[in-house]
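S.K.: When you get a sec, could you give me coordinates for this:
(2 chains)
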Amino acid sequence: MLTVALILGASLLLAPSAFANFLTPKSGGSPNADAIHSLYLIVLYIAAVIFAVVEGALFYSVYKFRAKKGAVAAQIHGNTRLEIGWTVGAAVILVILTTITFIKLPSIINPPNSGANGLTLTGGVLSASTTEPVPPNGKSLVICITGRQFIWAYYYGSGCESDPYSSKVAYSYQEMYVPANTTIVLHIQSLDVIHSWWVPSLGGKVDAVPGYTTYTWFKASKVGALYHGQCAELCGRLHAAMTALVKVLTPAQWQQWVTQQKALIAAQEQQVLTLRKELIASGNLTANLS
Amino acid sequence: MSTADTALRPVPQVIAHEVTKPRETKRWVDWITTTDHKRIGIMYLILTFVFFILGGIEALLMRLQLAVPNNTLITPEHYNQLLTMHGTTMIFLFVVPVMAGFGNYFVPLMIGARDMAFPRLNALSFWLLLFGGIVFYFSLFFQPPEAGWWSYPPLSSILYSPSGGQDAWIFLIHLTGLSSLVGAINFFATIVNMRAPGMGWGRLPLFVWSILIYAILLIIALPVVAAAVTMLLTDRHFGTHFFDPTDHGSPLLWQHLFWFFGHPEVYIMILPGFGMISEIIPVFSRKPIFGYKAIAAATCVIAFLALLVWGHHMFASPLPVVVMGFFMLSSFLIAIPTGVKIFNWIATLWRGSIVMTTSLYFAVGFIAIFVIGGITGVFLAIFPIDWQLNDTYFVVAHFHYVLMGGAVFTVFSGLYYWYPKITGRLMNETLGKWSFWVMFWGFNMTFFVQHALGLSGMPRRVYTYPPGVGWSTYNLISTIGSFILALGVLLTVINVFRSLKTGAIAGPDPWKGNTLEWFTSSPPPVNNFDVIPRVRSVEPMRDIRRQIERDTGVTQKTGGSEQFARV
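M.R.: I've put the predicted structure just below:
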């Protein structure tokens, strides 16, 4: 027993990465994740004090007031002032937490403008939506995310929401490519069951509920960074396999990637079309009317 | 019989009849046909402990699968079935009914009644629970459900869960729901109408208070989930589209209905445990409970607020920020009465003369664990933080600290406390303390690291995970801890069976109890009490002991508990 504990303890000490995120959530990829992280830290400090005081009082009283020879229990039935005191005390702590949360909230839900070295975006659209996050200047890169059993699909840029295929936007599966220092607004939908979009370093999770569009945003600044995430709502047997990767490129690299991806998609579509014609000609596939 | 009738008969009269021997008492038929609240209570306790063991085995299998990355011990299909069975079993077949079991046995005894208000209805509650469990576990022979204990549509719809296991789950909810509802009405009627003379609301034992509130919450919450699962059933088989997004239904409707039931359910599960602790701590501190009225009032306030916090399960769902703000504040509010209870328990220990029995170990262990669960609950109530932590292992850790602490540790405390009353024998204290320490460290080893897992980004309900993402060490620690925890539970199971034969004879009142169940013999006779004393305070037994001391001048010792005091 002790040996196992020692080995485990040693392995924990020797592997510093094992201690990462022992007490705090992941962050560092995007301002909203950082804001949640700092809000969490404030709560953690307050919680640590409460934890120490309550557990301390509990263990002290159990240690100090064990039955001893001649000890007589004090026959106290209660104390109204004390009751009011700790009720008000608890309420005050919660008022403080509420205040801090609402002070921090705007930095978590409202995206900033894209950076000067971010992707150059044209035509700021001031959306009338009350739930879609919009940066102050209205300029953001929209990426539509579609969840389905068991893969995430991403459609890049304007037009992605109406009809990703006819508007000929670039798309990719599982791996998302984003330009650095650019405010990215995500429109999240699901085709089948409920999924949940979550890349911990880039902010909180948002459910993909069929019949609804949900929104979130992030703004990644570290070029070359690769962020891991995965579906966070049980969506079927291969829920664990529904992973997501977000790769941060420079705006120029990203433009290049989009062009290349579009070309690849067009080439693939051409191949499929040719194959289809061949199959129909050889009688292995029945042509439909279109 | 009229006088004319007797006048017509010959005198003296001899009427011959067959003599039937009084029935043997140890026949199994007597258990099946019984309407005695004590026997029903014992059957409840045995049945729910069987389900506790089954649910525990399911948990251990999941932990084995997660012990190392990329494990192939259990298929994804079976893993989803296990997590569904584990959650459903622990909630519907263990924690809720085990409280009904303790309530059944002890509510009539504690209020000085001879049985429950409706003894046959009481038997019906038990048998509905058994059949609910059987219907559910029979799905093992075809295809168990795999959409989780929360069964969100569309995943639980006929399209994505075509197997009958999902229907077995629906029937389980119906049958156990009916069982709890009937039981709750029975508890309510019993507590309101059948209290001993003099036992006003201000003298009702706190455990009985908690069972009363438990009953009221069940009566409010259960019809909602019954309606929801009926809608799911008609969606699955009879062509309705309540939750079908492709036909103007809403998956979100299910979430609201389910959690409107689901959150009160959490308090249904832990309030009776709080009640037990409020009985046990004063007995072993040799002090009156600190702030009786505050604790009873806190129970009522928690129950009221429990009906207003369901949205905190849905912070990642499409809800407006204003609504999330409301649910954050209501969830904060519920921390206040819960905190008040904890402070009152600590104040009861303060300046007491604490007798360190196993029951008290579990009670103190519960408070120590529950404080952590309460604090992490505040993190989760803050919705921006919940966006990071929702659906991760942090939540798994949180509610196991709340429910293992609030239900399992309290139930074990209650078991060690009341076992002598039920069986007439004390449980072995040495084995009990071993069981406590093994369980306590096993529990913390299993679940404390799960906070870190969630913070490192591991979602719940994944059947496996890749190596090299910083989750492997925590998972291995957690798995080893879970087996230590299981060993601790096993020690108590052994203790229960062993003490039936070898335990010291308890006598009517081994602990110097405060409440009326200790006024009668152990185990109590079928009619519970020949005489019901008049109740003059919250602690009628203490009054009775004092009366005897005054009248006879003999100090009232007890059969057992002094031996555990370090004097």
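S.K.: now the strands for the stretch 51-200 of chain A?
M.R.: A:141-148, A:151-156, A:171-173, A:175-179, A:184-190, A:195-197 (DSSP state E, counting those that start in this stretch).
S.K.: Dump those to JSON lines, plus mean pLDDT.
M.R.: As requested, those are exported to JSON lines (pLDDT from 0 to 100):
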{"stretch": "strand A:141-148", "mean pLDDT": "93"}
{"stretch": "strand A:151-156", "mean pLDDT": "94"}
{"stretch": "strand A:171-173", "mean pLDDT": "93"}
{"stretch": "strand A:175-179", "mean pLDDT": "96"}
{"stretch": "strand A:184-190", "mean pLDDT": "93"}
{"stretch": "strand A:195-197", "mean pLDDT": "97"}
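S.K.: Please work out which of those is packed deepest.
M.R.: strand A:195-197 (a mean of 29; mean count of other CB atoms under 10 Å in any protein chain shown). From N, CA and C alone the C-beta is placed, and that goes for glycine too.
S.K.: For chain A, what's the nearest residue on chain B?
M.R.: Nearest residue of chain B to chain A (CB to the nearest CB) works out as B:W387 at 2.3 Å.
S.K.: what about that residue, distance to A:F22?
M.R.: Using CB to CB, to the nearest Å, we find B:W387 at a distance of 20 Å from A:F22.
S.K.: and the stretch 51-200 of chain B, which residues reach chain A?
M.R.: Residues of the stretch 51-200 of chain B found near chain A (CB under 8 Å from any CB of the partner chain) are B:P76, B:E77, B:N80, B:L83, B:E146, B:A147, B:G148, B:Y152, B:P154, B:L155, B:Y160.
S.K.: Can I get those residues in CSV including secondary structure and neighbour count?
M.R.: Formatted as CSV, those follow (DSSP: H, G, I helix; E, B strand; the rest coil; neighbours: other CB atoms under 10 Å in any protein chain shown):
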residue, secondary structure, neighbour count
B:P76, helix, 19
B:E77, helix, 15
B:N80, helix, 26
B:L83, helix, 22
B:E146, coil, 27
B:A147, coil, 27
B:G148, coil, 19
B:Y152, coil, 23
B:P154, coil, 26
B:L155, coil, 26
B:Y160, coil, 17
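S.K.: Nearest spatial neighbour of the residue of chain B closest to chain A, chain-adjacent residues omitted?
M.R.: A:G204 (2.3 Å; CB to CB, 6 or more residues apart in numbering or on different chains).
S.K.: pretty sure that neighbour is in a helix, no?
M.R.: No: A:G204 is assigned coil when assessed by DSSP: H, G, I helix; E, B strand; the rest coil, not a helix.
S.K.: who's in contact with it?
M.R.: A:N32, A:A33, A:I36, A:I108, A:W198, A:T216, B:A316, B:P384, B:D386, B:W387, B:Q388, B:N390 (CB atoms under 8 Å, 6 or more residues apart in numbering or on different chains).
S.K.: One more: B:W201?
M.R.: Counting by CB under 8 Å, 6+ apart, B:W201 has no contacts.
S.K.: hmm, back to that, can you tell me which of the strands of the stretch 51-200 of chain A is nearest to chain B?
M.R.: strand A:195-197 (5.8 Å).
S.K.: which element follows the closest one toward the C-terminus?
M.R.: Later in the chain than strand A:195-197, the nearest helix or strand by DSSP states H and E is strand A:206-208.
S.K.: Tell me who's in contact with B:F142.
M.R.: B:S163, B:G164, B:G165.
S.K.: let's see 10 Å
M.R.: B:F142 makes contacts with B:S163, B:G164, B:G165, B:A168, as judged by CB atoms under 10 Å, 6 or more residues apart in numbering or on different chains.
S.K.: Looking only at stretch A:32-45, what residues are buried by neighbour count?
M.R.: Buried residues in stretch A:32-45, counted by 16 or more other CB atoms under 10 Å in any protein chain shown: A:N32, A:A33, A:D34, A:A35, A:I36, A:H37, A:L39, A:Y40, A:V43.
S.K.: These also near chain B: which ones?
M.R.: A:N32, A:A33, A:A35, A:I36, A:H37, A:L39, A:Y40, A:V43 (CB under 10 Å from any CB of the partner chain).
S.K.: quick revisit: so the residue of chain B closest to chain A sits in a helix?
M.R.: Yes: looking at B:W387 with three-state DSSP, it is inside a helix.
S.K.: My read is that it contacts A:L202, right?
M.R.: No: counting by CB atoms under 10 Å, A:L202 is not a contact partner of B:W387; they are 11.4 Å apart.
S.K.: ranges for the helices of the stretch 1-150 of chain A?
M.R.: Secondary structure of the stretch 1-150 of chain A, counting by DSSP state H, counting those that start in this stretch: helices at A:2-14, A:16-19, A:31-64, A:80-109.
S.K.: Show me what the longest one is packed against.
M.R.: Right, helix A:31-64. For helix A:31-64, the packing partners by 3 or more CB pairs under 10 Å, 6 or more residues apart in numbering or on different chains; DSSP states H and E come out as helix A:80-109, strand A:214-218, helix B:321-349, helix B:358-381, helix B:383-389.
S.K.: Find the residue ranges of the chain scoring beneath the pLDDT cut-off.
M.R.: Reading this off chain A. A:1-20, A:122-130, A:159, A:162-167, A:288-290 (pLDDT under 70).
S.K.: that's the other chain; I wanted chain B
M.R.: In chain B, residues with pLDDT under 70: B:1-17, B:19, B:22-26, B:557-567.
S.K.: By residue count, tell me the biggest helix in it.
M.R.: helix B:251-285 (DSSP state H).
S.K.: other SSEs contacting the host helix or strand of B:G488?
M.R.: Assigned by DSSP H and E, B:G488 falls within helix B:472-502. If contacts are counted by 3+ CB pairs under 10 Å, 6+ apart, helix B:472-502 sits against helix A:2-14, helix A:16-19, helix B:37-66, helix B:358-381, helix B:393-403, helix B:410-423, helix B:429-455.
S.K.: any idea which helix or strand comes after it?
M.R.: Using DSSP H and E, the next helix or strand after helix B:472-502 towards the C-terminus is helix B:540-552.
S.K.: That following helix versus helix B:251-285: what angle between them?
M.R.: In terms of direction (axes from the mean of the first three to the mean of the last three CA atoms, to 10 degrees), helix B:540-552 departs from helix B:251-285 by 20 degrees.
S.K.: just checking, what packs against helix B:540-552?
M.R.: helix B:251-285.
S.K.: Now the helix it packs on: buried residues?
M.R.: Neighbour count says helix B:251-285 has B:251-252, B:254-285 buried, by 16+ other CB under 10 Å.
S.K.: What is the burial count for B:N70?
M.R.: 9 (other CB atoms under 10 Å in any protein chain shown).
S.K.: Chain neighbours aside, what residue packs nearest to it?
M.R.: Closest to B:N70 by CB to CB, 6+ apart is B:T464, at 5.8 Å.
S.K.: from what I can see the one you found touches A:T243, true?
M.R.: No: with contact defined as CB under 10 Å, B:T464 does not count as touching A:T243 (11.8 Å).
S.K.: Please report how far B:G503 lies from B:P420.
M.R.: 8 Å.
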